[in-house]
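1. Here's my sequence, what's the structure:
(one chain, ligands or ions: 1)
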Amino acid sequence: MPDSFRLTEAAARKYQAHSVPAMFGPLAERTVELLRLQSDAHVLDVACGTGALTRAIAKSLPGRGRILGTDLNQTMIDVARELTPDTTHTLEWLAADVTELPLKDGTFDLACIQQGLQFFPDKPAALREIQRVLKSDGRLCLTCWKEISPFNDSLATALEHHISTQAAKKARAPFSYRDGEAIRLLLEETGFTVKRHETIDLQREFDELGEQILALPIEKDLREAGAEKTQLVIDTTAKLLAPYERDGVFIVPQKAHFFDAHCG
Ligand SMILES: C[S@@+](CC[C@H](N)C(=O)[O-])C[C@H]1O[C@@H](n2cnc3c(N)ncnc32)[C@H](O)[C@@H]1O
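-> Numbering: from 1, shown residues only. Next up is the predicted model:
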């Protein structure tokens, strides 16, 4: 696994404590509204992280379904497992690379990817592998950021000034795959038919800017750069984000593509 994809237990816990409430939890809630879940479905959440979407699906899925959350990082799966909710569904967790899912052909009615596609080094291989484990009438729903968020853009500018262009690139990485037409083409080239493409409008809301920044993978770069430079990055980001601050709370817009694509 490349270093950039390896997340420590501390990183997984910070992700759950700060990034999920501010962003990935609200996105999951909006996404399940668009999923139109069928009762008793067998659902796969790929790159599930600490399980924000998996838990939201478990809450909304009618009947007795089967839900499996998978992620490359064992540390994310460990946190997800700890947070397994009481549910009538069978809910399981598995550490696996999306391109090598240890799962049988034609098993799932629905596969989801919430903010994972942009990180897959071989996207066609990932989508073909998902297609393999879906039933012939199955579908794939995914979200991917549509525009760079002012939060990450301001942070990247601060990192460029005080740390390195490499660290700035990491802060922009989640927004590296924003072109909706490119995503549609990728889905079609890997055998899916796009049935719906919508935009989800969200607001990232938080009061502790430092906590939000230190919950990101660039925390390692900041730790290595030391406390003084870290404070400079936080202060510069705060200045750039001033137009989005009201009474100590930052409210930053963030837009995502939502795709619903069917097999065949
Ligand atoms: C931004 S997080 C999103 C996590 C989760 N879907 C959520 O909404 O909170 C991206 C996730 O993609 C996972 N990931 C990256 N590359 C992967 C791969 N090749 N196979 C499976 N998961 C991968 C990472 O481990 C990380 O948990």
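2. Can you show me the strands along the stretch 51-200 of the chain?
-> Ranges of strands in the stretch 51-200 of the chain, per DSSP state E, counting those that start in this stretch, are 66-71, 90-95, 108-114, 134-145, 192-206.
3. Give me every residue in this protein lying close to the ligand.
-> 5, 20, 24, 47-49, 52-53, 71-73, 76, 97-98, 114-116, 119-120 (Cβ under 6 Å from any ligand atom). Placement of C-beta: from N, CA and C, glycine included.
4. go with 8 Å
-> Residues of the chain found near the ligand (Cβ under 8 Å from any ligand atom) are 5, 7, 15, 19-20, 24-25, 27-28, 45-53, 70-73, 76, 96-99, 113-116, 119-121, 126, 174.
5. What subset of the residues you listed is buried?
-> 7, 15, 19-20, 24-25, 27-28, 45-53, 70-73, 76, 96-99, 113-116, 119-120, 126, 174 (16 or more other Cβ atoms under 10 Å).
6. In helices, which of those fall?
-> Secondary structure from DSSP state H places 25, 27, 28, 52, 53, 76, 126 of these in helices.
7. how much space between residue 137 and residue 193?
-> 11 Å (Cβ to Cβ, to the nearest Å).
8. Spit out the residues that contact those two alike.
-> When Cβ atoms under 8 Å, 6 or more residues apart in numbering defines a contact, the residues bordering residue 137 and residue 193 alike are 262, 263, 264.
9. Format those as JSON lines; extra columns: pLDDT, secondary structure and neighbour count.
-> As requested, the shared contacts of residue 137 and residue 193 are exported to JSON lines (pLDDT from 0 to 100; DSSP: H, G, I helix; E, B strand; the rest coil; neighbours: other Cβ atoms under 10 Å):
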{"residue": "262", "pLDDT": "98", "secondary structure": "strand", "neighbour count": "15"}
{"residue": "263", "pLDDT": "97", "secondary structure": "strand", "neighbour count": "17"}
{"residue": "264", "pLDDT": "79", "secondary structure": "coil", "neighbour count": "10"}
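10. would you list those in CSV and tack on distance to residue 57?
-> Below are these laid out as CSV (distance: Cβ to Cβ, whole Å):
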residue, distance to residue 57
262, 18
263, 19
264, 23
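11. Closest one to residue 246 out of those residues, please.
-> residue 262 (42.2 Å; Cβ to Cβ).
12. you'd agree that closest one is up against residue 139?
-> Yes: between residue 262 and residue 139 there is a contact at 4.6 Å, judged by Cβ atoms under 8 Å.
13. anything in contact with each of those two?
-> The overlap between the contact sets of residue 262 and residue 139 (Cβ under 8 Å, 6+ apart) consists of residue 195.
14. Contact partners for the residue of the chain found nearest the ligand?
-> Nearest residue of the chain to the ligand, counting by Cβ to the nearest ligand atom: residue 49, 2.5 Å away. For residue 49, the contact set (Cβ under 8 Å, 6+ apart) comprises 15, 20, 24, 71, 73, 76, 80, 114, 116.
15. On the strand side of things, show who the fourth one bridges to.
-> Beta-bridge pairing of residue 71, defined through DSSP bridges, involves residue 95.
16. got the contact list for it?
-> 47, 48, 49, 77, 80, 95, 96.
17. switch to 7 Å and redo it
-> By Cβ atoms under 7 Å, 6 or more residues apart in numbering, residue 71 lies in contact with 47, 48, 49, 77, 95.
18. Relative to residue 241, which of those residues is nearest.
-> residue 49 (24.5 Å).
19. Please point out which parts of stretch 250-262 sit buried.
-> Neighbour-count burial for stretch 250-262 [16+ other Cβ under 10 Å]: 250, 252, 254, 256, 257, 258, 259, 260, 261.
20. and residue 160, how many residues sit next to it?
-> Neighbours of residue 160 under the rule other Cβ atoms under 10 Å: 16.
21. Looks like it contacts residue 169 (just checking).
-> No: Residue 160 is beyond contact range of residue 169, at 9.2 Å (criterion: Cβ atoms under 7 Å).
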